[in-house]
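Trainee: can you look at this prediction? I've put the sequence above it.
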Amino acid sequence: MIETLIQKAIEQMKFSYAPYSNFKVGAALLSKDGQIFTGCNIENSAFGPSNCAERTAIFKAVSEGVRDFKMLAVVGGKDGVIEDYCPPCGVCRQVMAEFCDLDEFQVIVAKSMKDYKVFRLGELLPGAFSPKTMGR
Ligand code: THU
């Protein structure tokens, strides 16, 4: 499954709309019921409204009524060439913490289908402010 997610994330890079940074990112999110939601980064001339690939995938799923997730793979690189791991930005980590268990949800950062690292969300966002903090 990890390799499938990485493959789908790599495929998503071609849809990336990144005319300002030329940094193309793709993500693939696996829900607990076995669906895969993909996403790419979508930039904007006003910069602020830009959206990362991970959040695109998460928001697509949530907007279709799916909120329970197992893992997400993310890949990215300048001009669409993957040279290194692409770790999720802080905002995406916080969005993951809204919907995903810090101790269980896995984030896969990959250079290829064979070369990847797996993190628990809690490792990427220690001491997170989360729905639990809000009593939910
Ligand atoms: N980006 C992502 O889509 N995900 C990440 O994890 C890091 C950064 C995007 C945002 C922007 O379009 C471009 O990469 C450069 O920061």
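Mentor: Nice, thanks for sending it over.
Trainee: okay, CA-based contacts and neighbour counts for the rest of this
Mentor: Fine.
Trainee: close to the ligand: what parts of this structure are there?
Mentor: Within the chain, the positions lying close to the ligand (CA under 6 Å from any ligand atom) are 18, 21, 23, 25, 41, 43, 52, 53, 86, 87, 88, 89.
Trainee: please indicate which of those are buried?
Mentor: 18, 23, 25, 41, 43, 52, 53, 86, 87, 88 (16 or more other CA atoms under 10 Å).
Trainee: separation between the residue nearest to the fifth one when sequence neighbours are not counted and residue 40?
Mentor: I take that to be residue 43. Excluding the flanking residues, the one nearest residue 43 by CA to CA, 6 or more residues apart in numbering is residue 50, at 4.2 Å. In this structure, residue 50 and residue 40 are 11 Å apart, going by CA to CA, to the nearest Å.
Trainee: more neighbours: which of the two?
Mentor: residue 40 (30 against 14; other CA atoms under 10 Å).
Trainee: I appreciate the help and will end here.
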